[in-house]
Each structure stands twice: as C-alpha cells, then as structure tokens.
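A.B. asks: Quick one, structure for this:
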Amino acid sequence: MSIKDKVALVTGGSGGLGSIHCLSLASAGFKVAVAAHTHLEKAKSVADKIKAMGKQAMAFSMDVANPDEVESNVENVEKTLGPVDVLVNNAATGIVRAATIVKTKIQDWSKDIGVNLTGPFNTIKRCLPGMLERGWGRIINISSIAGTMGGAGQCSYATTKAGLIGLTKTVALEGARKGVTCNALVLGVVDGGAFHIVTPEFQNRIIQSTAIRRAGTPQEISNVVVFLASEESSYITGEAIEISGGAGLFIF
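C.D. replies: Predicted coordinates:
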C-alpha cells in the first residue's frame with residue numbers, strides 16, 4: 001500500500017481496539033501518533049512497541065472534547081512526525097453505561113456528546129484543512145450498530161454514534177474533490193473492552209444475535225482501518241461500513 005512517510009493520528013489509542021489500530025497502521029508503514037485522555041502510560045507503551053518495530057511514533061494526552069488541547073497536540077504532532085494524513089476517530093465513552101432515557105443524567109449525556117461527537121468534530125476541523133491543501137487525506141470514524149439500530153439503555157451513546165455517521169457523510173462531500181475521503185466503520189460486538197465487562201450469559205446472548213455466531217476480533221476491525229487509510233481505498237467515501245458478523249441480518 002502506498003503510505004510511505006504518511007502520518008496517522010489515532011484517538012483513544014491506548015485502548016484494546018485503538019492500540020491494535022495503532023500497531024496495524026505502524027506495521028503497514030505509517031508513522032503513528034497515539035492519543036489518549038486518561039491512560040497516558042498505556043499510550044506510551046503502544047508507542048514503545050511501535051518504535052521497537054523500527055517505526056516512528058509518539059504518545060500524548062489529549063481530551064478530544066477540548067478544542068484547545070486538540071489544537072496544541074496536533075500542532076506538536078506536525079512538528080514531530082509531520083502533517084496528519086490519516087485521522088482515526090476511535091475515542092469513545094458511555095458504551096458500558098446502562099440507563100433508560102428517564103434515568104440518564106444530563107452530565108452523562110453531555111460527556112458522551114462531548115467525547116463521541118464533538119471530539120471528532122474538533123479533530124476533523126483541525127486536520128481537514130491541511131489534507132485539503134495537500135490534496136490527500138483519510139478520515140475514519142468509528143461508529144456502532146447502536147447508532148443504526150438503537151441501543152436500549154444507551155440513549156446518549158447511540159445518539160452520538162448515529163450523529164457520527166451524519167458527520168462522516170458531510171465531511172466526505174466537502175473533501176470529495178480534493179482527494180480526501182471520510183468513512184465510518186459501524187461496529188458490532190468486538191471481542192475486547194466492554195464486551196468482557198458483561199456477564200458470560202449476556203456475552204453468549206449477544207453472540208447468538210450475529211449470523212457468524214462469534215464476536216469480531218480487534219484485528220479484523222483494524223484490517224479494514226488500514227485498507228481505508230491506504231491509497232487503494234481512494235474511490236470509497238461517505239460510507240457507513242458495517243462490521244458486525246451479520247448482526248443486522250434475519251437470524252434463525
């Protein structure tokens with residue numbers, strides 16, 4: 001894939017899924033900026049693994065909901081690694097919080113909107129102009145089937161993931177004639193992170209709702225991320241690509 005000297009910025013890069021995105025992008029040849037909010041040591045560990053591969057990487061703390069932090073950190077990435085060519089908006093919150101709309105606290109709603117929706121807006125707003133100017137860029141937003149199918153007890157999470165698809169399509173339209181693509185990955189159940197927090201009985205119930213009858217692996221998701229980050233994906237934009245093992249199919 002044609003990615004020599006290109007820089008990828010991954011938000012939520014310290015987590016179970018984000019860290020695999022970072023490592024996979026590095027393996028493909030990207031320089032990787034690993035952004036995390038509260039788990040800086042984990043982000044540094046991911047960056048160290050990338051450096052051990054002989055690739056360039058850096059780790060830093062960034063609250064995507066804070067535009068000033070986004071501005072200063074992206075500027076530092078540009079000075080250290082180079083202009084951001086690929087942006088993976090992976091950071092998210094609220095997925096494990098279960099509360100009906102009536103019981104949802106306004107502060108939880110506001111936090112989820114800030115991280116899951118305003119966060120990608122902030123990072124895109126900062127990175128997109130440079131991509132447009134250079135005539136090349138890839139923006140990959142990590143959404144969820146909660147955004148396309150709804151999620152009982154997940155009103156704020158589902159709302160933000162639905163909004164992220166609308167943002168994706170808008171960015172795709174604005175970048176289409178300047179060599180910048182923007183796509184969303186609509187994830188089903190993934191074997192990692194929040195999936196391991198629920199009880200085994202509930203895990204099995206979720207798995208049985210997929211046609212493939214298993215959870216996806218982080219690497220299976222990252223394989224698609226790397227493809228969308230490459231030159232070879234140049235004719236794909238504005239898409240909400242579901243990776244769910246057939247969770248939206250009629251299951252019997």
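
A.B. asks: Helices along the stretch 151-252 of the chain, start to end?
C.D. replies: Secondary structure of the stretch 151-252 of the chain, counting by DSSP state H, counting those that start in this stretch: helices at 155-175, 200-207, 218-228.

A.B. asks: how about those helices in TSV, adding mean neighbour count?
C.D. replies: Every C-beta, even on glycine, is put in place using the N, C-alpha and C of the backbone. Formatted as TSV, the helices of the stretch 151-252 of the chain follow (neighbours: other C-beta atoms under 10 Å):
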stretch	mean neighbour count
helix 155-175	21
helix 200-207	12
helix 218-228	19
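
A.B. asks: can I get the ones you listed in a markdown table with mean pLDDT and distance to Val32?
C.D. replies: Output for these, formatted as a markdown table (pLDDT from 0 to 100; distance: least, C-beta to C-beta, whole Å):
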| stretch | mean pLDDT | distance to Val32 |
| --- | --- | --- |
| helix 155-175 | 97 | 22 |
| helix 200-207 | 81 | 31 |
| helix 218-228 | 97 | 11 |
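
A.B. asks: Out of the ones you listed, which gets nearest to Phe30?
C.D. replies: Smallest distance to Phe30 across these (C-beta to C-beta): 8.5 Å, for helix 218-228.

A.B. asks: then the closest one to PDB, C-alphas only?
C.D. replies: Written as PDB, here are the backbone C-alpha positions of helix 218-228 (Å, rounded to 0.1, in the frame of the first residue of the first chain):
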ATOM      1  CA  PRO A 218      -9.900  -6.200  17.100                       C
ATOM      2  CA  GLN A 219      -7.500  -7.300  14.300                       C
ATOM      3  CA  GLU A 220     -10.500  -7.900  11.900                       C
ATOM      4  CA  ILE A 221     -11.600  -4.300  12.500                       C
ATOM      5  CA  SER A 222      -8.100  -2.900  12.100                       C
ATOM      6  CA  ASN A 223      -7.600  -4.700   8.800                       C
ATOM      7  CA  VAL A 224     -10.400  -2.500   7.400                       C
ATOM      8  CA  VAL A 225      -9.000   0.600   9.100                       C
ATOM      9  CA  VAL A 226      -5.600   0.000   7.400                       C
ATOM     10  CA  PHE A 227      -7.300  -0.500   4.000                       C
ATOM     11  CA  LEU A 228      -9.400   2.700   4.300                       C
END
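
A.B. asks: Packing partners of it?
C.D. replies: Using 3 or more C-beta pairs under 8 Å, 6 or more residues apart in numbering; DSSP states H and E as the contact test, the elements touching helix 218-228 are helix 16-28, strand 137-144, strand 180-187, strand 240-243.

A.B. asks: Show me the one of those that comes nearest Val226.
C.D. replies: Nearest of the helices and strands packed on helix 218-228 (C-beta to C-beta): helix 16-28, 5.0 Å.

A.B. asks: Contacts for the closest one next, please.
C.D. replies: 1, 3, 8, 10-13, 32, 34, 36, 42, 46-47, 49-50, 53, 55, 57, 86, 88, 90-91, 142, 190, 192-193, 218-219, 221-223, 225-226, 229-230 (C-beta atoms under 8 Å, 6 or more residues apart in numbering).

A.B. asks: Just the buried subset of those, please.
C.D. replies: Buried members of the contacts of helix 16-28, counted by 16 or more other C-beta atoms under 10 Å: 3, 8, 10-13, 32, 34, 36, 42, 46-47, 49-50, 55, 57, 86, 88, 90-91, 142, 190, 192, 218, 221-222, 225-226, 229-230.

A.B. asks: mind listing which of those residues are in strands?
C.D. replies: 8, 10, 32, 34, 36, 57, 86, 88, 142 (DSSP state E).

A.B. asks: who touches stretch 53-72?
C.D. replies: 11, 13-14, 22, 26-27, 29-38, 40, 43-44, 46-48, 50-51, 73, 76-77, 80-81, 89, 91, 114-115, 118-120, 122-123, 125-126.
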